[in-house]
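Enquirer: Kindly generate the corresponding structure for this input.
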Amino acid sequence: MNMLFPFLAVLIWSINAIVSKVSATAIDPAAISFYRWLLALIVLTPFALPGVIRNWPTVRANLWKLLILGLLGMVLYQSLAYYAAHSVSALFMGILNSLIPLLTVLISIVVLRVAPTVGIALGAILSLGGLVWLVSAGQPGQLLEHGIGKGELMMLAAAASYALYSVLTKRWAIALPNWQSLYMQILFGVLLLLPNFLLTPDVQLNSQNIPLVLFAGIPASIFAPFLWIQGVMRLGANTASIFMNLAPVFTAIIAVLFLHEHLQSYHLIGGGVTLLGVLLSQRLRIPLGRKKAAEITPVTCKE
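Expert: Modelled structure (predicted):
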C-alpha cells in the first residue's frame with residue numbers, strides 16, 4: 001500500500017507531461033504557466049498562510065532563497081517545458097525529464113562537494129550517448145549539420161533548472177515545513193510570471209483549456225507533491241526515488257495511446273540508453289577516488 005504513494009505521484013506527473021503537450025495548441029505558454037500556479041496558490045492559501053505568518057521571521061530571513069527556488073522550480077522549469085511543447089513530442093519530453101536525477105548528481109558534485117562515483121561517470125557517458133541518439137533521431141551525424149533544435153534546448157534547460165532547484169533545496173535546507181516553503185516559492189513564482197502574462201495578448205480561458213489548467217494547478221501541483229512526500233516518509237527517499245524511473249515509461253504509453261504519437265526505434269534505443277545511464281548513476285556507488293562517495297538522493301520531478 002505504501003508503494004502506491006510514489007507510484008500515483010509519478011503517474012500524475014507523467015500525465016501532466018501529456019497535458020503540457022496538449023496545451024501547446026490550446027493556450028499560450030505564458031497563460032497556462034501563470035494560471036496554473038495562481039490556482040495552486042489560491043488553493044493552498046487557507047492551509048499554508050497561517051503557518052507562514054507564524055514563522056514569518058524564518059520566512060523573512062530566507063526570502064531571497066525562496067525567490068530563487070521559485071524562479072527555478074516554478075517559473076523556468078515548467079514555462080520552458082510549455083514553450084518546448086510547441087516543437088517536441090510528449091515522448092521526447094518524458095525522456096528528457098528522466099535526465100533530471102543524473103543532472104542533479106552532476107550539479108551536486110560541484111555545489112555540494114559530493115564525491116563522484118563510477119556510476120556517475122558511466123551514467124553520464126551513457127546518458128549523453130542516448131541523448132545524442134534521441135535528439136538526432138538515430139542519425140548522430142545530423143547534429144553536426146543542423147545542430148540541436150530550439151525545443152530540445154528548452155527541455156534541456158528546463159531539466160537543468162529543476163536539477164539545480166533540487167540541489168539548492170538540499171544545500172540551503174530552509175527551516176520551514178515543506179508546505180510553507182512550497183507556498184512561498186509558488187507565491188514568488190506567480191509574481192515573477194505576472195509581467196509576461198500581462199504582456200501576452202491572448203490569455204483567454206475557455207472550455208478547451210480550462211481542464212488543462214485545472215489538472216496542472218491541482219493534481220500536478222498539489223496532489224502529486226503530497227503523495228510524493230508521503231511516499232518518502234513511508235519508504236525513504238532512496239526507495240521512493242526508484243519510482244521516478246517509471247516516468248518516461250508512463251509518458252510514452254500515454255502519448256502513444258491518447259496522442260497517437262509514434263514510438264520509433266530511436267526512441268527505444270536513445271531513451272533506453274539514457275535511462276540505463278540514470279540507473280547506473282543512482283545505484284552504482286563505487287567511489288572513483290579514495291574519498292568515500294556521499295549518498296545522493298535523486299530528485300523528484302515536479303512537472
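Enquirer: in stretch 242-254, what counts as buried?
Expert: Of all the residues in stretch 242-254, those buried under the rule 16 or more other C-beta atoms under 10 Å are Ile242, Phe243, Met244, Asn245, Ala247, Pro248, Val249, Phe250, Thr251, Ala252, Ile254. C-betas here are computed from N, CA, C, even on glycine.
Enquirer: contacting residues around the fifth one?
Expert: Residues counted as contacts of Ala247 (C-beta atoms under 8 Å, 6 or more residues apart in numbering) are Val10, Trp13, Ser14, Ala17, Gly94, Asn97, Ser98, Cys301.
Enquirer: Show the average pLDDT along the strand or helix carrying it.
Expert: Of the helices and strands defined by DSSP states H and E, Ala247 is found in helix 247-258. For helix 247-258, mean pLDDT rounds to 86.
Enquirer: swap in stretch 53-66?
Expert: 96.
Enquirer: What lies in contact with that stretch?
Expert: Stretch 53-66 has contacts (C-beta under 8 Å, 6+ apart) with Val52, Leu168, Trp172, Ile174, Ala175, Leu176, Pro177, Gln180, Ser181, Met184, Gln185, Phe188.
Enquirer: CA atoms of it as PDB?
Expert: This file holds the C-alpha atoms of stretch 53-66, laid out as PDB (Å, rounded to 0.1, in the frame of the first residue of the first chain):
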ATOM      1  CA  ILE A  53       2.600  34.100   9.300                       C
ATOM      2  CA  ARG A  54       3.600  32.300  12.400                       C
ATOM      3  CA  ASN A  55       7.100  31.500  11.000                       C
ATOM      4  CA  TRP A  56       7.500  35.000   9.400                       C
ATOM      5  CA  PRO A  57      10.900  35.600  10.900                       C
ATOM      6  CA  THR A  58      12.300  32.500   9.300                       C
ATOM      7  CA  VAL A  59      10.500  33.300   6.000                       C
ATOM      8  CA  ARG A  60      11.800  36.800   6.000                       C
ATOM      9  CA  ALA A  61      15.400  35.600   6.700                       C
ATOM     10  CA  ASN A  62      15.200  33.300   3.600                       C
ATOM     11  CA  LEU A  63      13.200  35.500   1.200                       C
ATOM     12  CA  TRP A  64      15.800  35.700  -1.500                       C
ATOM     13  CA  LYS A  65      16.500  31.900  -1.300                       C
ATOM     14  CA  LEU A  66      12.700  31.200  -1.700                       C
END
